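Peer 1: Quick one, structure for this:
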Amino acid sequence: MNHLRSLIFGIAIFSFFVNSANAGFGVTPPYVSNVSLTRNSSYEQTIYLVRSDPSTDLKATVSIDVPGVNDWFSINEGNEFLLKKGEQKVPMTVKVLVPDSADYKQYKGNIRIKTGAPDDTVAGGAVSISLGAQIDVDLVVIDKKIEDFKIRKIGISDLNEGHKVGWLYFPGKIRFEMLLGNIGNVPVAPSDVVFRIYDRSGNVLLEETHKKGSIAEVAPFETETIFAELPTKLPSGSYLARFEIMNGEDVKLNGEVNLSILPYGTLQAAGFGFLGLSIAHKLSVIVPVLALFVMFIMMFLRIRKRR
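Peer 2: Predicted structure coming up:
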């Protein structure tokens, strides 16, 4: 009876230590998931390997098991890499490349991570416990384009007021910063950015302005900082601007920012060039240049004809 009690106690103690050891290693998030992939698209997701006691170096070995599409997957750090001593949280980036021949359907499987001693050896008499974790994979390839995004963060800087050169007026340049996360499966950018600029109290509308030129696109499933540039003819001063960031007819984000316009020349930042001119001022430059060009061509043809 005593032997049986000792055996049960020993098994309980062993189970406790094994479970504690395994509880000391995990991954977050425990999945790779994307349900809006398209053919020829790519997707990256960062998984963090976390351990409670980073007192030694560990080697992580990664194995991928997603039936039929293992070759779509790669690990940026390699299929074997080191978890260095002292590092409690280590990133691992999973990259998925969907080929042009992919079937439109769901793909499920897992990625397993096993850890052990870097040289696969243990000291004499020691017991090696291999810790591991599993990442579930759920991907769907669809025959549909999705153009959508989220604005994670916005920012705005001070700017110089506009100025005149001869008869031409070059407006000030509002540079509006946006951290855009593409949650669709095609490159995307805001279709428009609108600023309605009010006096400091926010009661009197002084100017409405839209973005000039194109905004850089962000690749599918990526997050990047992009800029919209908007002209303003307002003089130096402090203003309240109410903005809207558009995706077609949808307002993706609206809000308020304080706008500080400084006297021309205060900042080194360049303002708008030719792009910022009004249509009338653009024509006042283009028409004379075209006229001179036509006159030059006619004179050239006449001289050539005489010869």
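
Peer 1: Show the residue spans covered by the helices in this protein.
Peer 2: Assigned by DSSP state H, the helices in the chain fall at 2-23, 279-306.

Peer 1: which stretch in those has the least confidence?
Peer 2: Set side by side, the helices of the chain differ in mean pLDDT, and helix 2-23 is lowest with a mean of 41.

Peer 1: partner residues bridging residue 47?
Peer 2: residue 92 (DSSP bridges).

Peer 1: my guess is it meets residue 89, correct?
Peer 2: No. Under the criterion of Cβ atoms under 8 Å, residue 47 is not in contact with residue 89, lying 10.8 Å apart. Placement of C-beta: from N, CA and C, glycine included.

Peer 1: of these two, who's got more company?
Peer 2: Each of residue 47 and residue 89 has its neighbours counted (other Cβ atoms under 10 Å); residue 47 has more, 22 against 11.

Peer 1: residues in contact with the more buried one?
Peer 2: 27, 28, 29, 32, 91, 92, 93, 94, 135 (Cβ atoms under 8 Å, 6 or more residues apart in numbering).

Peer 1: Make CSV from those residues and add neighbour count to it.
Peer 2: Shown next, in CSV, are the contacts of residue 47 (neighbours: other Cβ atoms under 10 Å):
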residue, neighbour count
27, 17
28, 13
29, 12
32, 23
91, 11
92, 21
93, 12
94, 20
135, 22
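
Peer 1: Identify, from these, the entry nearest to residue 146.
Peer 2: residue 32 (18.7 Å; Cβ to Cβ).

Peer 1: wait, isn't that closest one in contact with residue 134?
Peer 2: No. Contact criterion Cβ under 8 Å: residue 32 and residue 134 do not qualify, at 11.3 Å.

Peer 1: Grab the most central residue of this protein for me.
Peer 2: Centroid check for the chain by Cα atoms, centre = their mean gives residue 223 as the closest residue, at 0.8 Å.

Peer 1: for that residue, what are its contacts?
Peer 2: 152, 179, 180, 181, 182 are the contacts of residue 223 under Cβ under 8 Å, 6+ apart.

Peer 1: and with 6 Å instead?
Peer 2: Taking Cβ atoms under 6 Å, 6 or more residues apart in numbering, we find residue 223 in contact with residue 181.

Peer 1: Just the pLDDT at it, thanks.
Peer 2: In this prediction residue 223 is given a pLDDT of 95.

Peer 1: Convert the C-alpha atoms of the top strand by length along the chain to CSV, please.
Peer 2: Criterion DSSP state E: the longest strand present in the chain is strand 250-262. The C-alpha atoms that make up strand 250-262 are tabulated as CSV, following Å, rounded to 0.1, in the frame of the first residue of the first chain:
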residue,chain,number,x,y,z
ASP,A,250,-17.5,56.2,-47.3
VAL,A,251,-16.0,58.4,-44.6
LYS,A,252,-13.4,56.2,-43.0
LEU,A,253,-12.4,58.7,-40.3
ASN,A,254,-13.3,62.3,-39.3
GLY,A,255,-12.2,64.5,-36.5
GLU,A,256,-10.6,67.8,-35.5
VAL,A,257,-7.0,69.1,-35.5
ASN,A,258,-5.4,72.4,-34.5
LEU,A,259,-3.8,74.1,-37.5
SER,A,260,-1.0,76.6,-37.1
ILE,A,261,0.0,78.6,-40.1
LEU,A,262,3.2,80.6,-39.7
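
Peer 1: Look up how far residue 171 lies from residue 36.
Peer 2: As judged by Cβ to Cβ, to the nearest Å, residue 36 and residue 171 stand 40 Å apart.

Peer 1: what's the domain layout of the protein?
Peer 2: 24-120+129-141, 149-282 (automatic domain parsing).

Peer 1: Any chance of JSON lines for the ones you listed, columns distance to residue 298?
Peer 2: Shown next, in JSON lines, are those (distance: least, Cβ to Cβ, whole Å):
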{"stretch": "domain 24-120+129-141", "distance to residue 298": "52"}
{"stretch": "domain 149-282", "distance to residue 298": "24"}
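
Peer 1: Go through these and find the least confident stretch.
Peer 2: Confidence, taken as mean pLDDT, is least for domain 149-282 of these (a mean of 90).
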